[in-house]
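Just the structure for this:
(3 chains)
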Amino acid sequence: MSIFTTIRRNIDRAFLTFFMLFLLIAYPLAPTTDFGKFMTSWYTKITGWITVLGAWAIMIGVFALVRNNLKNIYKRAEGWYYDAVTIVSFVIFVVAGFMGGSTGPIMTWLTTNVTRAVSTALLGIEAFLATSAYYRAYRLKTLDAAILLISSLIVLMWMGPVFGYLFPQINDLAVWLLLNPNSAAQRAMFVGIGLGLIALAVRSMLGRERYGA
Amino acid sequence: MVSTDPGIWIYSLLVLAVYSFVFKHNPAFRVAQAIVVGGSAGYTLWVSIEYIQRLGIGRVSADPYVLVPLIIGALYLFQIYPRLSWLSRIPVGMAIGIAYGTVLIPGIAAYIIAPLTQTITPFWTPNPLANFNAILNLVLMFCGVAFFIFTTDKFVKGRYGFIGRIGRAGLMVAFGAACGTLLGAKVTSAIGNIIDLLTKWLGIRLAI
Amino acid sequence: MELRGERDMSRKKPRWTTRLLNLDNPPIYAILLIFMILPLFYPLNTPVPVTAMAIDLYNKIESLKPGDVVLLDFSWSYSFKILHEAGHVAVLRHLLSKPGVKIVMVCFMGADSELSWRDVMAIVDIEKNYPDKKYGKDWIWLGYIPGGEATVLAFADNPWAIAPKDKYGTPIEQYPDFYNAVKTGADFALVIEGGGHGGVNGHVTGGFLKSYGLKYHCWLAYNMDPSVIAEFYPYYPTIIKSMLNGNAGAAEYERLLNMRGAGSVMVDALSMTHLYVIALIVLTNIVYLYDKYLSKPRSSR
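Numbers count the residues shown, from 1 in each chain, chains lettered A, B, ... in the order given. The predicted structure follows:
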């Protein structure tokens, strides 16, 4: 393998490892020594860079979305007309941005009447779908299902303000359930998440995780 | 009195198009979805351009080092050219490295150390309920970890199967609690949409 | 070859229990819709019991002194606007009523969370309702800062390095009340995160927990998405001091402020829909158990 190929294959991992190790070393240092001051000032600078990288990533994500939609339209893929609607909507919003930026009157009008409508409605339909799911899934078939059902019922009663008024004991029971068995189980999951986070960081450094283009 | 504002009409028709999905998947829902995907992309693009102008390019004179992420971030564009697409992995690696470097230690504190310190509490106090809670938390937490992480049969069946079963029961309580809280969030959004449709579009006076 | 019994069974009507246990969706949805709409025309005016979490947040804001800086985060996606808006409107009104309290407004979630901020500000209307509160002296708006959890953590360590200018491009040094008062997250007297999306692993909510909660031990409150509130109970009340439970939490806060806002408006409909769903689940399970254990054995078994 030529040196150029090696660089090409590993440069992203090199950047990842360098920045990760630098920040991990700088994190616990205090600016009391010269080395500490140097590391903490660079820690602050470098952590600020992620905002700019994030903004670039968002822009590239948008371009990728537009590119994929245009590709589907060109190839007349299934449902290409919906992709055409996406592109038309995108163009309208971009043109609106030219006339006043993201806070201009036209963009404000569009986001209030278009984005807000669909965004909030997409969440609202889940109320109906959730009700259907409750009806079909919550059956007392096994002991585990019974535990799931009973804890759900207690919390459902807690979430409805009228139950807390009529039966204050429901509030106490629900809070006890959330603070004790629920918290214990959540902590078990968090430990798993924490170990997974460490494993993922090590795997990324070792090049065993795929990401990027 | 029904509204004559075109904005309210567009809002209402889009809301109804989305809610039509509840009864049947239909083209109106797909069109509404496509509109919001494109619109959100357009809006997001402007916000990120403004951010780069304001706190990227606009900051170079005060802090020249900001050129580093500005230039490296631009390498994302090389995704388009297959021969040079490897360059687009550089900002990805850098962003992930910075993210891990910033998040790893606080993550260990939040996900491993804090749960352990909160679980191991005194269980021989004058308050019997507190003692019971402390023992329950300890047992459920460790059985949950055993079930969650050590997914071999040893902790689910056989002699030590009770550990896994206790852990699973604890996890069922947590999932049940999570499912129970789900409805409130969704219903709130639906009621908000209904109020807007009734008051702003149809002009119906509500008693609330 | 058909057996004699089989042809008869195919013509039998399904049992009433089977029909009840396999209802189509439209009647279920129709009844849910009725329970959502009826309270809007015939309000029950259900009293809302105020929980300890809302009282704790209220008392904390009441205890704020002139010069205290509060971080108010608007990190909810625009689709979740209805969930969080009422709570933030109530809390913001309370903060603005406190003389000398400074508010830093920011969002980390996504570009559309700026729209969420815009809508809250349109309802609160600081210029009209609080004319003594001046931008740059009593409150500033930093806009959306991209970058996810790393940005949230970095902002807590050094806010003005991450956001050296506000949303309008003015350097923060020109707002000495904020620039000099806050050097790290520990200098915020109160931190209120709006959103809760993604739960404890969410890049904003998790970042706030790790930085302001665990590292800087701030008085941390959440205006929470109800669907993930259960995940945050392990950290309550040691690290997280208060959580407003979506619209219900907003209604409780409005009770404490003696005001009627969007949270209070939805309380009846929330209660009725929960009652309906609970009744549906209980009745379904009664029918299920009856069908399984108490009904006569059928030839089909």
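
Can you tell me the SS state at C:Met259?
coil (DSSP: H, G, I helix; E, B strand; the rest coil).

Local confidence estimate at it?
What the model reports for C:Met259 is a pLDDT of 90.

my read: it touches C:His94, true?
No. The pair C:Met259 and C:His94 fails to qualify as a contact (Cβ atoms under 8 Å) at a distance of 9.5 Å. For the C-beta atoms, the positions are set from N, CA and C on the backbone; glycine is no exception.

Among the two, which residue is more densely surrounded?
Ranked by neighbour count (other Cβ atoms under 10 Å in any protein chain shown), C:Met259 and C:His94 place C:His94 first, with 19 against 14.

Can you tell me the closest non-neighbouring residue to that one?
C:Ile61 (5.1 Å; Cβ to Cβ, 6 or more residues apart in numbering or on different chains).

In terms of pLDDT, where does that neighbour sit?
97.

Kindly report the same for B:Thr117.
So B:Thr117 comes in at 92 (pLDDT).

Quick check: phi and psi on the residue of chain B positioned farthest from its centre?
The outermost residue of chain B relative to its centre, with distances by Cα atoms, centre = their mean, is B:Pro126 at 41.2 Å. The phi/psi pair for B:Pro126 (degrees, to the nearest 10) reads phi -70, psi -20.

related to what we said a few turns ago, name the element the residue nearest to C:His94 belongs to?
Under the criterion of DSSP states H and E, C:Ile61 resides in helix C:52-62.

Quick one: residues in contact with that helix.
Under the contact criterion Cβ atoms under 8 Å, 6 or more residues apart in numbering or on different chains, helix C:52-62 has outside partners C:91, C:94-95, C:98, C:190, C:192, C:219, C:221, C:236-237, C:241-245, C:249, C:252-253, C:256-257.

what about the helices in chain A?
When secondary structure is read from DSSP state H, chain A shows helices at A:3-26, A:34-75, A:80-98, A:105-110, A:116-137, A:143-159, A:161-166, A:168-179, A:181-205.

how distant is the biggest helix by length in chain B from the center of its chain?
If you go by DSSP H, chain B has its longest helix at helix B:161-196. Mean-position distance between helix B:161-196 and its chain equals 15 Å (Cα atoms, centre = their mean, to the nearest Å).

So which bits of that helix are buried?
B:163-196 (16 or more other Cβ atoms under 10 Å in any protein chain shown).

what do you get for stretch C:248-266?
Applying 16+ other Cβ under 10 Å to stretch C:248-266 flags C:248-256, C:261-266 as buried.

tell me how far the ends of that stretch are from each other?
This stretch, stretch C:248-266, spans 8 Å end to end (Cα to Cα, to the nearest Å).

hang on, the earlier thing: and the residue farthest from the centre of chain B, how far from chain C?
21 Å (Cβ to the nearest Cβ, to the nearest Å).

Distance check, that residue against C:Arg118.
Distance of B:Pro126 to C:Arg118, given as Cβ to Cβ, to the nearest Å: 54 Å.

go on, C:Ala248?
Taking Cβ to Cβ, one finds C:Ala248 at 25 Å from C:Arg118.

doesn't C:Gly110 fall inside a helix?
No. Using three-state DSSP, the assignment for C:Gly110 is coil, not a helix.

Give me the phi and psi for the residue lying closest to it once chain neighbours are set aside.
Distances taken as Cβ to Cβ, 6+ apart place C:Ser77 nearest to C:Gly110, at 5.6 Å, with adjacent residues excluded. For C:Ser77, the backbone dihedrals (degrees, to the nearest 10) come out as phi -70, psi 150.

Three-state assignment for C:His197, please.
coil.

what's the neighbour count on it?
Neighbour tally, C:His197, other Cβ under 10 Å: 23.

Which residue is the nearest non-sequential neighbour of C:Val91?
Closest to C:Val91 by Cβ to Cβ, 6+ apart is C:Ile192, at 6.2 Å.

For the stretch 201-301 of chain C, what lies in contact range of chain B?
Those residues of the stretch 201-301 of chain C that sit near chain B, judged by Cβ under 8 Å from any Cβ of the partner chain, are C:206-207, C:209-211, C:214-215, C:225-231, C:234-235, C:238-239, C:245-248, C:262, C:265-266, C:268-270, C:273-274, C:277.

Just the buried residues from those, in ChimeraX please.
Buried subset of those, written as a ChimeraX selection, criterion 16+ other Cβ under 10 Å:
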select /C:206,207,209,210,211,214,215,225,226,227,228,229,230,231,234,235,239,245,246,247,248,262,265,266,268,269,270,273,274,277
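
Same list, the residues of the stretch 201-301 of chain C next to chain B, but only the ones touching chain A.
Counting by Cβ under 8 Å from any Cβ, C:Pro226, C:Ala230, C:Glu231, C:Pro234, C:Asn245, C:Ala248, C:Asp268, C:Leu270, C:Thr273, C:His274, C:Val277 from these sit close to chain A.

confidence score at the fourth one?
Yep, that's C:Pro234 we're talking about. With respect to pLDDT, C:Pro234 has a value of 94.

Might you report the residue contacts of it?
Counted by Cβ under 8 Å, 6+ apart, C:Pro234 has contacts A:Ser183, A:Gln186, A:Arg187, A:Phe190, B:Pro115, B:Gln118.

one more time with 6 Å
Counting by Cβ atoms under 6 Å, 6 or more residues apart in numbering or on different chains, C:Pro234 touches A:Ser183, A:Gln186, A:Arg187.

For chain B, state which of those is nearest.
Ranked by distance to chain B (Cβ to the nearest Cβ), the contacts of C:Pro234 are led by A:Arg187 at 3.6 Å.

mind listing what the residue lying closest to C:Val200 once chain neighbours are set aside touches?
In space, and not counting its chain neighbours, C:Val200 is closest to C:Glu231: 4.9 Å by Cβ to Cβ, 6+ apart. With contacts defined as Cβ under 6 Å, 6+ apart, C:Glu231 is in contact with A:Gln186, C:Gly199, C:Val200.
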